[in-house]
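S.K.: all I have is the shape, not the residue letters:
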């Protein structure tokens, strides 16, 4: 019942003043929906409550305040943790974050490169990731560790761009909506072939799981760490007339082999329990000597060392844009 009432609020704008009859102003696109809502007791109850508050409530309440509250209540009524409503001010703040640079830690350790991508919230995440890989390769890196621990996801496009770096001529995954299922995309025929390890944990979610799961399913990388969060649904944005935005769950995604991880998560090839600490770049060399500091990272380093035959333990850490950490 509450959902129907709140749906009416989202679709109608009624200019109602004290003692004045309701005068509906209805967008032609919504006339049929409005007629259905007004034919139900719940829809009429919403209008009656709205009018009564505007006309009689002692404290007074303007329409914008009531409608904004109803929009928020409608989202809450869905009881879906991934559906969000943002008003115009909240949306402006959010856009300032997504249009900024992606937060990436990139280090060269001998022939091994380490990249930690903290989220896919930035619209430039995929572009920034590829740029860091190019710098690492110019330094002679022959294998890569991609650290997605703590990465809660973000824009799917950024994840597909990361997959595109490493996968050649394969389906990256599937997107399923109420109307059917379609492939998420195809990869780059000139993809990088460097040996690859990916770190995940219980907080690796959504787009980060698309990346890790795609690489694992195609046998392109081994996963190290903990079972991931298991968020296999995605949101689409719905612009609203007042400048705000609704972020609505509109699709589920599946791995390239058709499996869904929603509620299940990704199972690592090399499971390592415990909360993995975040290490500063200067501490990376310590992991080689003290594996207990970060078992997942230490094991991935050990395995890649076997692949490339590089004595990483004797080589200083070098950030791609800076000088060696050794001797500081």
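M.R.: That came through fine. Please read all numbers here as calculations on a predicted model, not as lab measurements.
S.K.: hey, let's count contacts and neighbours off CA atoms from now on
M.R.: OK.
S.K.: element containing residue 105, please.
M.R.: Of the helices and strands defined by DSSP states H and E, residue 105 is found in strand 104-109.
S.K.: tell me the helices and strands packed up against that strand.
M.R.: strand 112-117, helix 125-138, strand 317-318 (3 or more C-alpha pairs under 8 Å, 6 or more residues apart in numbering; DSSP states H and E).
S.K.: let's see 7 Å
M.R.: In this structure, strand 104-109 makes packing contacts with strand 112-117, strand 317-318, judged by 3 or more C-alpha pairs under 7 Å, 6 or more residues apart in numbering; DSSP states H and E.
S.K.: may I see those arranged in TSV, with mean neighbour count and distance to residue 211 as well?
M.R.: Putting the helices and strands packed on strand 104-109 into TSV (neighbours: other C-alpha atoms under 10 Å; distance: least, C-alpha to C-alpha, whole Å) gives the following:
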stretch	mean neighbour count	distance to residue 211
strand 112-117	24	11
strand 317-318	22	26
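S.K.: any regions of the stretch 1-150 of the chain where pLDDT drops low?
M.R.: 1-26, 96-102 (pLDDT under 70).
S.K.: mind checking how far the spatially closest residue to residue 168 that is not a sequence neighbour is from residue 237?
M.R.: Closest residue to residue 168 apart from its sequence neighbours, by C-alpha to C-alpha, 6 or more residues apart in numbering: residue 189 at 4.5 Å. Remark: distance between residue 189 and residue 237 (C-alpha to C-alpha, to the nearest Å) = 31 Å.
S.K.: hmm, back to that, got the buried residues for the strand holding residue 105?
M.R.: Neighbour-count burial for strand 104-109, counted by 16 or more other C-alpha atoms under 10 Å, picks out 104-109.
S.K.: on that earlier part again, now the helices and strands packed on strand 104-109 in CSV, with distance to residue 153?
M.R.: Listed next are these as CSV, based on distance: least, C-alpha to C-alpha, whole Å:
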stretch, distance to residue 153
strand 112-117, 10
strand 317-318, 27
